[in-house]
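return a 3D structure for these sequence lines:
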Amino acid sequence: MSAKSTTPKILHLHSTFDAGGKELRNVRLINAWGKEVDHAIVSGDLDRRGAAHMIGKAPRINWPKFPPLTGNPTPGRLAKLARAMAGYDLICTYNWGAIDAVMAHTVFADAYKLAPLVHHEDGFNEDEAKRLKRRRNWYRRIALGRCAALVVPSATLEDIALNIWDQPRTRVRRIPNGIDTRAFAASPKRDVLPGLLKHKGEFWIGSLAGLRKVKQLDMLVTAMARLPDEWHLVIAGEGPEREGLLAQAEALGLEDRVHLPGFVKEPQKLIGHFDIFALSSHSEQFPISVVEAMAAGLPVVAPRVGDIGSMVASENGPSLVAEGDGAGLAESLLKLASDGPERKRIGQANKQKARAEYDEQRMIERYRALYWGLMQKYPRSAAGADQEAGTA
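Now for the predicted structure:
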């Protein structure tokens with residue numbers, strides 16, 4: 001920390017700050033630390049800052065002007081990014097969308113006396129969902145050359161970091177995502193969503209997911225055609241695939257049983273209404289929604305991608321399917337839909353594992369140890385502290 005202030009200043013660089021997994025984890029950490037930290041948050045897309053509404057009143061937040069995070073990585077542009085990163089005690093970057101800032105730090109950290117940088121990788125978009133791009137792997141290897149730590153939530157990403165991006169073991173930190181497990185175990189209120197009410201005798205298959213192609217949510221809609229009429233599908237989230245999913249449901253005659261209520265600010269108040277939790281993505285790493293479902297005592301039907309197979313309780317294993325297996329997904333849902341005691345048995349095992357391994361307090365403590373350890377080891381220099389933070 002600087003001599004001028006005992007309150008650390010952390011800069012967070014996101015390509016967007018929509019309510020996705022990495023953003024919501026960032027919000028949890030910000031809320032947990034309250035007034036202990038001054039946070040500066042950058043969203044490369046100013047129109048996509050949905051997660052900001054979940055930040056509490058206590059934390060001190062500012063949204064500094066910042067050079068674009070995307071563009072050709074010319075020396076001049078990287079220098080502008082580096083200048084904008086000066087004056088903080090810690091720099092946190094997130095996913096490929098902020099990788100140019102990581103490169104700028106590697107090239108110009110000494111020139112601008114920049115604070116240590118922690119890069120976070122949580123997964124991949126559609127363009128790398130099935131295969132990583134060689135050029136990006138090469139760029140990541142160079143860009144990450146001087147970062148203080150590379151944080152990943154999953155064993156799959158840890159392996160990629162070590163063996164594809166050639167990062168040293170001492171740099172890579174695996175910190176599983178965590179949640180307030182007890183909040184998700186609470187009994188839900190009946191009228192949690194305007195216009196959507198769970199009626200007596202209904203059962204819900206639920207999902208929390210962005211409505212994007214990588215999530216393959218059309219597979220869930222297709223699967224609903226095989227389930228009895230009392231079963232409904234509720235997908236909470238927003239995204240560009242909304243109209244297509246609604247059209248598909250109408251074409252299958254399922255428009256009364258497929259519900260897209262939009263983004264839900266407090267998923268813990270909704271997820272307890274679900275009877276089965278389902279995912280259909282062809283790319284996941286450590287999906288926080290699976291942990292939320294486990295904490296709520298739900299069985300999970302999902303593809304075996306990323307860490308999902310090791311996340312759920314062993315009792316849940318037979319309900320997982322191969323990636324892209326739509327028929328298997330539908331069969332697994334149908335099997336659980338017809339067996340209430342089995343749903344309860346699997347759900348209880350998932351709840352116990354979530355509380356034991358994925359409670360957010362454990363996650364928060366590990367991030368605190370990493371961030372504060374770096375800020376104490378590499379305090380901001382007087383020259384860096386004197387620069388105006390967050391300006392190009």
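
all contacts plus neighbour counts: C-alpha atoms, from now on.
Will do.

can you map out the helices along the stretch 251-392 of the chain?
288-295, 308-311, 326-337, 340-357, 360-377, 382-386 (DSSP state H, counting those that start in this stretch).

contacts for the first one next, please.
Contact partners of helix 288-295, identified using Cα atoms under 8 Å, 6 or more residues apart in numbering, comprise 21, 177-179, 181-182, 184-185, 207-209, 268, 271, 277, 299-300, 308, 311-312, 347, 350-355, 358.

try it again at 6 Å.
Helix 288-295 is contacted by residues Thr181, Phe184, Ala185, Asn350, Lys351, Ala354 when judged by Cα atoms under 6 Å, 6 or more residues apart in numbering.

same question, the shortest one
Under the contact criterion Cα under 6 Å, 6+ apart, helix 308-311 has no outside partners.

may I see the buried residues of that helix?
The neighbour-count check on helix 308-311 (16 or more other Cα atoms under 10 Å) flags Ile308, Gly309, Met311 as buried.

got it, and the fourth one?
Neighbour-count burial for helix 340-357, counted by 16+ other Cα under 10 Å, picks out 342-344, 346-355, 357.

tell me which of these is nearest to Thr170?
Set against Thr170, the nearest of those by Cα to Cα is Glu357 (23.2 Å).

got a pLDDT number for that closest one?
Here the pLDDT value assigned to Glu357 is 90.

for the one 3 residues further on, same thing?
At Glu360, the predicted lDDT confidence score is 90.

list the contacts for Ser114?
No Ser there; residue 114 is Leu. Contacts of Leu114 (Cα under 6 Å, 6+ apart): Ala86.

oh sorry, the question was meant for Ile55
Going by Cα under 6 Å, 6+ apart, Ile55 touches Val27.

so which of the helices of the stretch 251-392 of the chain comes closest to Thr156?
For Thr156, the closest of those is helix 308-311, at 10.2 Å, according to Cα to Cα.

other SSEs contacting whatever helix or strand Val118 lives in?
Under the criterion of DSSP states H and E, Val118 resides in strand 117-120. Judged by 3 or more Cα pairs under 6 Å, 6 or more residues apart in numbering; DSSP states H and E, strand 117-120 is in contact with strand 90-94, strand 149-152.

wait, isn't Tyr88 in contact with Lys9?
Yes: if you go by Cα atoms under 6 Å, Tyr88 and Lys9 touch, sitting 5.2 Å apart.

between these two, who's got more neighbours?
Here Tyr88 and Lys9 are compared on neighbour count by other Cα atoms under 10 Å; more neighbours surround Tyr88, at 30 against 23.

checking my notes, that one in a helix, right?
No: counting by DSSP: H, G, I helix; E, B strand; the rest coil, Tyr88 is not part of a helix but coil.
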